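Student: Need a 3D model of the following:
(one chain, ligands or ions: 1)
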Amino acid sequence: MKFFVDTADIGDIRELAESGLLDGVTTNPSLIHKSGRNFLEVVKEIADLVPGPVSAEVVATDHDEMMREAEILRKLADNIAVKVPLTLDGLKACRALTGDGTMVNVTLCFTANQALLAAKAGASFISPFVGRHDDIGFDGMEIISDIRIIYDNYDFATEILVASIRHPVHILQSAKIGADVITAPPAVIRQLFKHPLTDRGLEGFAADWAKTGQSIG
Ligand code: E4P
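Tutor: Sure, this is the predicted structure:
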């Protein structure tokens, strides 16, 4: 399963990229706002830093304007995945862009049927938002299971990119279902490393090692 980080914060991206665990980055207009940076500049900087796909979202809602924005975004770097919304115009843009060899991430997916449409439109990635589903009292991960079954039934190449992840259990469940990619906030990725027994074990080993009076090498 690939790990993408969901942020436009260069410091976080740099730190995770150095760990060797980062396969890509996703951004959205809210994350760009949070970064306080110029959209095109920060996306270009991220794409230079991370070799994997970097999602940059169009903000237009009509097809022609989306295509105009996508043209600007895809010229930023070869690893840009243009993010389009799951609407009729968005999927029309998706078909045109992937037909041209551009990676497309279809975002704001909330049902398995929407994911089926995105796959038929040739999407490179489909982004179902699990956390926002949980927030309103539904089980977001159920949709991921349904999409996995549907995509396997028809051998769709579209990668399932689990988005709107809120905690490590979402990542565990994504891996068990066989999702292709997760995108999570930096804090949630950092949580994956942590366990109190790991910390306690390290402290114990360090204390006992000190008592031996030895050093390695
Ligand atoms: C995905 O690409 C989105 O940027 C993101 O995961 C949305 O998450 P949120 O529901 O935490 O805003």
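Student: Check whether the spatially most central residue of the chain sits in a helix, strand or coil.
Tutor: In the chain, the C-alpha nearest the mean C-alpha coordinate belongs to T183, at 2.9 Å (CA atoms, centre = their mean). Taking DSSP: H, G, I helix; E, B strand; the rest coil as the rule, one finds T183 in the strand state.
Student: For A184, give its distance to the ligand.
Tutor: 8 Å (CB to the nearest ligand atom, to the nearest Å). To be clear about C-beta, it is placed using only N, CA and C from the backbone, and glycine gets the same treatment.
Student: Actually, R14.
Tutor: 19 Å.
Student: quick one, phi psi at that residue?
Tutor: With angles defined as degrees, to the nearest 10, R14 sits at phi -60, psi -50.
Student: Could you find the closest non-adjacent residue to it?
Tutor: Computed as CB to CB, 6 or more residues apart in numbering, the closest residue to R14 that is not its neighbour in sequence is L49, at 6.4 Å.
Student: which residues pair with the residue nearest to the centre of the chain across the strands?
Tutor: On the basis of DSSP bridges, T183 is bridged to F4.
Student: my guess is it contacts T27, does it?
Tutor: No: T183 is not in contact with T27 according to CB atoms under 8 Å; the separation is 9.8 Å.
Student: Now the common contact residues for those two.
Tutor: D6 (CB atoms under 8 Å, 6 or more residues apart in numbering).
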